[in-house]
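J.: heads up, no residue letters with this:
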């Protein structure tokens, strides 16, 4: 799923209330940016409805893990608070290497992925995602 | 080491202009070079950072725009040649 040097780059996690939105967003990153960025998504609650869950987010962070860090893109309220909770629950050695981006989920993920693919730092990846503003 | 300066221009023929996917390809390629690289929609600018995906996409260059590149650094000539080549090949978007 990830390229040979994927762990040299910051990873991207996509958290949406809808699994379809999360999967579709991840598809856009894969197709537009490529496979050199560790990427994982999660969405929906355990009952198959709309929602987000802390264990699913933790699992996604684990799948997209990179020593360079992980940037998280979210859609609405609960996705953000659950992601913050997941970050707090990370093991100590991963604390501070996972950041939430304040950016639109689809556009932010493509921007973040493009920046990450160039080997940029976690802070640069977040800055690029957050630099985007509606025209 | 000597710093190099290089410039080049190429006609953007891509049917929908410098939209999302071409912008990502151009930015990624630019980022693979050490040199500072600017993209201009005319020979006099204004110039934007070719390594900034947000700025390149925001430029919204339409089809038939003459894209200008200028680079400064040790790999400036290679960078301009590679970027001009990408646009000439229509961003390898054939398939």
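T.: Good, I have the coordinates. Note that the structure is a prediction, hence the values are computed from the model and not measured.
J.: In chain A, what residue spans correspond to strands?
T.: A:11-16, A:39-43, A:70-74, A:98-100 (DSSP state E).
J.: out of those, which comes closest to residue B:38?
T.: strand A:70-74 (26.6 Å; CB to CB). For glycine as for every other residue, the C-beta is placed from the backbone atoms N, C-alpha and C.
J.: List the neighbouring strands of the closest one plus their orientation.
T.: Paired neighbours of strand A:70-74 in the sheet (DSSP bridges): strand A:11-16 (parallel), strand A:98-100 (parallel).
J.: Same list, those, but as JSON lines with distance to residue B:59 please.
T.: Putting those into JSON lines (distance: least, CB to CB, whole Å) gives the following:
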{"stretch": "strand A:11-16", "distance to residue B:59": "24"}
{"stretch": "strand A:98-100", "distance to residue B:59": "27"}
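J.: just so I know, which of the strands of chain A lies nearest residue A:108?
T.: Among the strands of chain A, strand A:70-74 sits nearest to residue A:108 (CB to CB), with 4.8 Å.
J.: can you pull out the helices in chain B?
T.: B:20-31, B:53-59, B:76-88 (DSSP state H).
J.: what's the answer for chain A, then?
T.: A:19-33, A:54-63, A:77-88, A:105-117, A:122-131.
J.: Buried residues of the longest one, list them for me.
T.: So that's helix A:19-33. A:19, A:21, A:22, A:25, A:26, A:28, A:29, A:32, A:33 (16 or more other CB atoms under 10 Å in any protein chain shown).
J.: Kindly report the same for stretch A:52-62.
T.: Buried, per 16+ other CB under 10 Å, within stretch A:52-62: A:52, A:53, A:54, A:56, A:57, A:58, A:60, A:61.
J.: how distant is that stretch from the center of its chain?
T.: 11 Å (CA atoms, centre = their mean, to the nearest Å).
J.: ok so, going back, tell me the most buried of the strands of chain A?
T.: strand A:11-16 (a mean of 30; mean count of other CB atoms under 10 Å in any protein chain shown).
J.: count of residues packed around the residue of chain B found nearest chain A?
T.: Proximity of chain B to chain A (CB to the nearest CB) peaks at residue B:31, 3.6 Å away. Applying other CB atoms under 10 Å in any protein chain shown, we find 19 residues neighbouring residue B:31.
J.: List the contacts of it.
T.: A:117, A:118, A:119, B:51 (CB atoms under 8 Å, 6 or more residues apart in numbering or on different chains).
J.: which of these count as buried?
T.: Applying 16+ other CB under 10 Å to the contacts of residue B:31 flags A:117, A:118, B:51 as buried.
J.: Could you export the residues you listed as JSON lines, including distance to residue A:76 and pLDDT?
T.: Converted to JSON lines, the buried ones among the contacts of residue B:31 look like this (distance: CB to CB, whole Å; pLDDT from 0 to 100):
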{"residue": "A:117", "distance to residue A:76": "27", "pLDDT": "94"}
{"residue": "A:118", "distance to residue A:76": "29", "pLDDT": "90"}
{"residue": "B:51", "distance to residue A:76": "31", "pLDDT": "96"}
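J.: from those residues, which is closest to residue A:86?
T.: residue A:117 (24.2 Å).
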